[in-house]
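1. For reference, the sequence and a predicted model appear below.
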Amino acid sequence: MSWPLVTLASIAEVVTGNTPSKADDSFFNGDIPFVTPGELDLGYVNTAKQTLTDKGAKVSRLIPANSVMVCCIGSLGKVGISSKPVVTNQQINSLVVNEALASPLYVYYFCRTLKNTLNDMAPKTTVAIVNKTRFSALKIPLPPLETQKQIAAVLEKADQLRKDCQKMEQELNSLAQSVFIEMFGDPVTNPKGWIKRELSEMLSVKHGFAFKSEFFTTEGEYVLLTPGNFKEEGGYWDRADKQKYYVGEIPKDYILEKNDLLLAMTEQAAGLLGSSILVPESNKYLHNQRLGLVKFKDNGQNTVFYSYLFNSKSVRLAIHSSSTGTKVKHTSPTKLEAIQVGVPPIALQNDFESIIRTIELNIMLNNKAKSDYEQSFNALMQKAFNGELNLGNAKT
């Protein structure tokens, strides 16, 4: 099926955002969301970290609900749709859609296909930029309005399945943290009255090796773990697209084993210091000098329990409080090992691991479903804008 291709500017007013002067406090902290790229790629947008007052919005460019926002500077191709009037910063071009010609939701899903196009268009400069003129000239297939709404309805349903999986993953992760607090209480304040001990009595921490940068590659046998593999809230972040490998000589005793416990010893990013991960099983892993490897002094401790202990708010706060450094905070094995925590019996630690393993199994199954829905959604997107989507059962 062939539909006419029209420019984005022919179906919408294109509005480039702007930032009010930060010298005037009266522009900020009101009720109007001030959207930046960080709020995009989440679907409908009705909140933002920063807000503007009516006065701030008047000196900016207020866009209405159902405007499609596309990042055209920096994180090219991040997209959102406003569910209320908002202001955006200058990195974002917004499409105020003429709803007599086009469905805003249809335009939103089309814009979600533009990431590669925008990256290819951008000049190879330090900061990727696609200007308003070039963005406005991009072509969109334009079927009849009723067909657009049907396509948008199909894609929205498929998109919701992905979002449901994302929400379930968050809930399962929150459940694991809640189980830890329910069973053991706060490790530092120790409300359950466990025997309080210095971490040094149970474990020691050893820095990783300063591997030589000339031996880093984009593929190889040994995966190099860095703070970049740590989630801010704790846990392993598989960054396959940015992963580093090491092909130089491996120093003795620096090859990690499955379920070794690693700690972030430097801040590197907000809230990262003290975060922990358990080493995955699928590859051979090394860790650099900004990470610390936990070694237990006897077999009477449970690694899974301690991974959650280190990721608890109170222990992370204790690590941060004892850290040094001005620009980048960091801790040392000695300071970290001096922290005192309540230590429950090993039997209870093992019971906790059993519960966590069940939760992890559910997370794995959920992630498999999320991946399947992602593939289905992408296939639907491709068919939708090529005019190949079967709309026989679609309802608006």
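-> Structure's in. What do you need?
2. For residue 380, give me phi and psi.
-> Here is the backbone geometry of residue 380 (degrees, to the nearest 10): phi -60, psi -40.
3. and it, what is it in contact with?
-> Each residue near residue 380 by C-beta atoms under 8 Å, 6 or more residues apart in numbering is listed here: 154-155, 158, 389. Yep, even glycine has a C-beta here, placed from its N, CA and C like the rest.
4. Could I get these in JSON lines, plus columns for distance to residue 98, secondary structure and pLDDT?
-> JSON lines is the format used below for the contacts of residue 380 (distance: C-beta to C-beta, whole Å; DSSP: H, G, I helix; E, B strand; the rest coil; pLDDT from 0 to 100):
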{"residue": "154", "distance to residue 98": "23", "secondary structure": "helix", "pLDDT": "94"}
{"residue": "155", "distance to residue 98": "20", "secondary structure": "helix", "pLDDT": "94"}
{"residue": "158", "distance to residue 98": "26", "secondary structure": "helix", "pLDDT": "93"}
{"residue": "389", "distance to residue 98": "23", "secondary structure": "coil", "pLDDT": "82"}
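5. Make a markdown table out of these and add distance to residue 47 and neighbour count.
-> Formatted as a markdown table, the contacts of residue 380 follow (distance: C-beta to C-beta, whole Å; neighbours: other C-beta atoms under 10 Å):
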| residue | distance to residue 47 | neighbour count |
| --- | --- | --- |
| 154 | 27 | 20 |
| 155 | 23 | 23 |
| 158 | 25 | 19 |
| 389 | 32 | 20 |
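6. and these, which two are the farthest apart?
-> Spanning the widest gap among the contacts of residue 380 are 158 and 389, at 10.7 Å by C-beta to C-beta.
7. Residue 319: what's its closest spatial neighbour, skipping adjacent residues?
-> Nearest non-adjacent residue to residue 319, counting by C-beta to C-beta, 6 or more residues apart in numbering: residue 274, 3.6 Å away.
8. between the contacts of residue 380, which is nearest residue 27?
-> Distance to residue 27 across the contacts of residue 380 (C-beta to C-beta) is lowest for residue 155, with 36.8 Å.
9. how much space between the residue minimising distance to the centre of the chain and residue 286?
-> In the chain, the centroid-proximal residue (C-alpha atoms, centre = their mean) is residue 231; its distance is 8.3 Å. Residue 231 sits at a distance of 20 Å from residue 286 (criterion: C-beta to C-beta, to the nearest Å).
10. got the residue ranges for the helices in the stretch 201-350 of the chain?
-> Here the stretch 201-350 of the chain has its helices, by DSSP state H, counting those that start in this stretch, at 303-311, 313-321, 333-337, 346-385.
11. let me redo that: the stretch 51-200 of the chain
-> All helices of the stretch 51-200 of the chain, identified by DSSP H, counting those that start in this stretch, fall at 54-58, 104-111, 115-121, 132-136, 145-184, 199-202.
12. quick one: average pLDDT of the last one?
-> This points to helix 199-202. Taken as a whole, helix 199-202 has a mean pLDDT of 94.
13. Now it: buried residues?
-> Across helix 199-202, burial judged by 16 or more other C-beta atoms under 10 Å covers 199-200, 202.
14. ok, residues contacting that helix?
-> Outside helix 199-202, the residues that touch it by C-beta under 8 Å, 6+ apart are 296-298, 301, 336-341, 343.
15. Whichever of those end up buried, select them in PyMOL.
-> Per 16+ other C-beta under 10 Å, the buried members of the contacts of helix 199-202 correspond to this PyMOL selection:
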select buried, resi 336+337+339+341+343
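16. Can you tell me which of the contacts of helix 199-202 end up in strands?
-> Among the contacts of helix 199-202, the ones falling in strands (DSSP state E) are 296, 340-341, 343.
17. Farthest pair within those residues?
-> Using C-beta to C-beta, the two most remote members of these are 296 and 340, lying 17.1 Å apart.
18. For the chain, give the strand that spans the most residues.
-> If you go by DSSP E, the chain has its longest strand at strand 28-35.
19. one step back: the helices of the stretch 51-200 of the chain: which one's closest to residue 42?
-> Ranking the helices of the stretch 51-200 of the chain by proximity to residue 42 (C-beta to C-beta) places helix 145-184 first, at 9.2 Å.
20. surely residue 113 meets residue 383?
-> No. If you go by C-beta atoms under 8 Å, residue 113 and residue 383 don't touch, sitting 11.6 Å apart.
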